[in-house]
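>>> got a structure for you, letters missing:
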Ligand code: ME8
């Protein structure tokens, strides 16, 4: 797949942005940036986020705030856009369901489905959760004692004329598709959940709501040809993924590679959405291009200091709190934490201050940050801040007769009575192969949407370099440079290898930490060339490697160590 289209849910405008919204958007951002880098061509990636604005509660809140629903939506959509901008989201577009480019498309889709008969008129009676704006099945209502599982408020019984979508017709096709495409619903635990529900049988679903004299019911897209009904907000919202690219110059991005969502909205995405797409495709030859997305990925939940975040408890980690962390530890550290420690694979993840500090210190301050500082300090000190000549292939193995950089380094250590760590004798370090391995694996992990595994290759390269430094102790070798003419080229080879490996690590880290890595590239004079694919950029000592003779500034440390005793940052005003 040469083009890559990734989406986030479109968020309800009524909420204040919080860690949940920022999480999904940051993870999608890391994936989008990684894929741009893999392809070396930004235009092949399309990343869409946005806001879901036709919920009834928008009207209620707007009235409370004495503005029109549209003004309320405008104000809050701007908040989301600002929050995602502040998280350095590189979305290509921000779609709002109140925009005519979206509404017009939805009307076209529904019109086509009405014509084909997959949307039809009928009557619906059921238990309605007013807070969630969703009907609950008889069984689920009974199990929950006829109360909302979210708000605890009583469910209400409603009967209304409405339009249905023939979901039942697509039961077989859906089941077969999911069974035949293991990546379609990811991770696999989610697949089992969805398949179980589909196999249990599918009923047709109501997809409209009546319009009455209550202003709250007048907000939304009217069913084409019937002003007394409007399109149910969920159906309206799902169509954003299609409307967002339904323009001649964008249609090639469809089908989406990944719809990233939280597990709360899996059913809509993994059952209703694909069935709607199948129906739309079948409705007219004009929708021949409407294939099914490749992956619907439902991540787990963030909890906060070990407790479930809930609207009633009011303990959501707010966007402002995240920005408090960003101010103190850097935005990139927050992005790294979200991307590596988040609930992607399904299990919930805890946003605990102690865990943030531990990750930050281990992986960033003492990890990547410290390692880049050590290496640039040594290049500064021993080579005047210029990348040393590399007359070496990056294969560091002891030689039978001695004389390799590693032999010289070990000899220098022995002379300085600074013994190498146990097992150093005979140990070899294969830079080109190790680097190629991590790059390949990071790309594969991204393809499997395993963000933390992919970013752990950064940490593994750093460990490899740290290990190499503790074996070779280049600072000890440096002390022999006056006495031994072979010492300097050996030191050059060692430091070149370290710096070059870290350059590659910085590439793999950059989708999560674009700002910090850009600082490093500026200091090290190694910003990746535009238009070049990752495997080329990341080849050890390849065409895009560090160049001997180029300036390499030691610069500020990338990440200052954090004091675990310091109180958690406050919300940023
Ligand atoms: O559901 N942990 O919008 P929404 C992780 N408008 N992620 C979380 C989270 C948490 N504690 N809380 C929220 C809607 N999220 C609809 C979607 S899409 C066609 C329509 C994230 O504002 C997670 O991605 O309630 C979840 O799916 C999304 O926010 C729900 O956002």
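Yep, that arrived. Note that the structure is predicted; figures quoted are calculated from it, not measured. Numbering: from 1, shown residues only.

>>> Now do the contacts for the residue nearest to residue 496 when sequence neighbours are not counted.
Closest residue to residue 496 apart from its sequence neighbours, by C-beta to C-beta, 6 or more residues apart in numbering: residue 390 at 3.9 Å. In this view, the C-beta of every residue, glycine as well, is placed from N, C-alpha and C. By C-beta atoms under 8 Å, 6 or more residues apart in numbering, the contact set of residue 390 is 492-493, 496-497, 500, 541, 548.

>>> does any part of stretch 301-313 sit near the ligand?
Yes - Stretch 301-313 is in contact with the ligand by C-beta under 6 Å from any ligand atom, via 301-302, 309.

>>> Buried residues in that stretch, which are they?
301-304, 309 (16 or more other C-beta atoms under 10 Å).

>>> Pull the residues that contact it.
By C-beta under 8 Å, 6+ apart, stretch 301-313 touches 18-20, 23, 150-152, 262-264, 315-317, 342-343, 348-353.

>>> returning to what we had before: redo the residues of stretch 301-313 next to the ligand as JSON lines? Include pLDDT.
Shown next, in JSON lines, are the residues of stretch 301-313 next to the ligand (pLDDT from 0 to 100):
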{"residue": "301", "pLDDT": "95"}
{"residue": "302", "pLDDT": "96"}
{"residue": "309", "pLDDT": "88"}
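
>>> Spatially, what comes nearest to whichever residue of the stretch 1-150 of the chain sits closest to the ligand if we skip its sequence neighbours?
Residue of the stretch 1-150 of the chain nearest the ligand, by C-beta to the nearest ligand atom: residue 20 (2.3 Å). With C-beta to C-beta, 6+ apart as the criterion, residue 20 has its nearest non-adjacent residue at 6.1 Å, and that residue is residue 302.

>>> so that neighbour bridges to which residues?
residue 349 (DSSP bridges).

>>> same question, the one 5 residues further on
For residue 307, the beta-bridge assignment (DSSP bridges) gives partners residue 304.

>>> how far away is it from the ligand?
Here the criterion is C-beta to the nearest ligand atom, to the nearest Å. By it, residue 307 lies 11 Å from the ligand.

>>> Around the ligand, pick out the residues from the protein.
Within the chain, the positions near the ligand by C-beta under 6 Å from any ligand atom are 9-12, 15, 20-21, 23-24, 52, 237-238, 240, 261-262, 264-265, 301-302, 309.

>>> pretty sure residue 183 is in a helix, no?
No - with DSSP: H, G, I helix; E, B strand; the rest coil as the criterion, residue 183 is located in coil rather than a helix.

>>> Burial check on the nearest residue to it once chain neighbours are set aside, number of neighbours?
Distances taken as C-beta to C-beta, 6+ apart place residue 295 nearest to residue 183, at 5.1 Å, with adjacent residues excluded. Residue 295 has 19 neighbours, counted by other C-beta atoms under 10 Å.

>>> and what of residue 161?
14.

>>> Residue 84 too?
The burial count for residue 84: 25, using other C-beta under 10 Å.

>>> Check what pLDDT residue 312 gets.
As predicted, residue 312 sits at a pLDDT of 77.

>>> How about residue 1?
55.

>>> same check, this time on residue 542
So, for residue 542, pLDDT stands at 96.

>>> Scan the helices and strands of the protein for the one with the lowest mean pLDDT.
strand 134-136 (a mean of 82; mean pLDDT, DSSP states H and E).

>>> all helices for the stretch 251-400 of the chain, in order.
Assigned by DSSP state H, counting those that start in this stretch, the helices in the stretch 251-400 of the chain fall at 266-267, 273-283, 319-329, 331-341, 353-359, 370-383.

>>> which of the ones you listed is buried the deepest?
helix 331-341 (a mean of 24; mean count of other C-beta atoms under 10 Å).

>>> could you check the angle helix 319-329 makes with it?
Counting by axes from the mean of the first three to the mean of the last three C-alpha atoms, to 10 degrees, helix 331-341 lies at 110 degrees to helix 319-329.

>>> which residue packs closest to the residue in the stretch 151-300 of the chain positioned nearest to the ligand, ignoring adjacent ones?
Per C-beta to the nearest ligand atom, residue 262 is where the stretch 151-300 of the chain lies closest to the ligand, at 2.7 Å. Among residues not flanking residue 262 along the chain, residue 299 sits closest, at 5.9 Å (C-beta to C-beta, 6+ apart).
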